[in-house]
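Engineer: take this sequence and fold it.
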Amino acid sequence: MAKNENEDLERPHPKNMLNDMGGDRFLYFTKSVLTTAYPAVYSHELRKQHGANKPPQLMAQLIEFFTKTGMSVLDPFAGVGGTLIGASIATPGPRKCVGIEISQITCWQSKALSPSMDRRFVLAGKQPALTLL
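Structural biologist: Numbering: from 1, shown residues only. Below is the predicted model:
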């Protein structure tokens, strides 16, 4: 294939309002089983202590399918931030992300693991909501 044809395959269709994926990548995503053997790049002892730790790379794939670059992602059960990290590493560009977590300890752990990421945590519970920036 010529270079121009490859570029056309990677460019999203003008009517694609869902995501930034080109045709080949969209078909691959919809017709494939997603692998769950991800490298431990985002692994940390604090993240491993959480019972529902989700691989950020998997979450990034899902976020890439359902959002466009610059859109917002809400995780109402943020835990240690797998979805929030996934939003920040999504391609072709990161997504804005907000996480809500009831556990103050889990919220602070997640914030401590990646303080430079542009994301927002909302600590919810019996006390008034607290936003950690």
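Engineer: quick check, Met21 in contact with His13.
Structural biologist: No. Using CB atoms under 8 Å, Met21 is not in contact with His13, being 9.3 Å away. For every residue, glycine as well, the C-beta is placed using N, CA and C.
Engineer: out of the two, which sits in the busier spot?
Structural biologist: Using other CB atoms under 10 Å, the more surrounded residue of Met21 and His13 is Met21, with 22 against 11.
Engineer: state the distance from the nearest residue to Pro39 once chain neighbours are set aside to Val33.
Structural biologist: Excluding its sequence neighbours, the residue lying closest to Pro39 (CB to CB, 6 or more residues apart in numbering) is Gln57, at 7.9 Å. Distance, Gln57 to Val33, by CB to CB, to the nearest Å: 15 Å.
Engineer: neighbour count: the two, which is higher?
Structural biologist: Here Gln57 and Val33 are set side by side on neighbour count (other CB under 10 Å), and the busier one is Gln57, at 19 against 5.
Engineer: who touches the more buried one in this structure?
Structural biologist: Applying CB atoms under 8 Å, 6 or more residues apart in numbering, we find Gln57 in contact with 38-39, 41-42, 86, 89.
Engineer: and with 10 Å instead?
Structural biologist: 34-39, 41-42, 82, 85-86, 89 (CB atoms under 10 Å, 6 or more residues apart in numbering).
Engineer: if we can go back for a sec, the residue nearest to Pro39 in helix, strand or coil?
Structural biologist: Classification of Gln57 by DSSP: H, G, I helix; E, B strand; the rest coil places it in helix.
Engineer: mind checking pLDDT for it?
Structural biologist: Listed pLDDT for Gln57 reads 89.
Engineer: from Ala60, how far out is the spatially closest residue to Gln61 that is not a sequence neighbour?
Structural biologist: Setting aside the residues directly before and after it, Gln61 is nearest to Leu34 in space (CB to CB, 6+ apart), at 6.1 Å. In this view, Leu34 and Ala60 are 11 Å apart by CB to CB.
Engineer: returning to what we had before: can you list which of the contacts of Gln57 are found in helices?
Structural biologist: In this view, the contacts of Gln57 that belong to helices under DSSP state H are 82, 85-86, 89.
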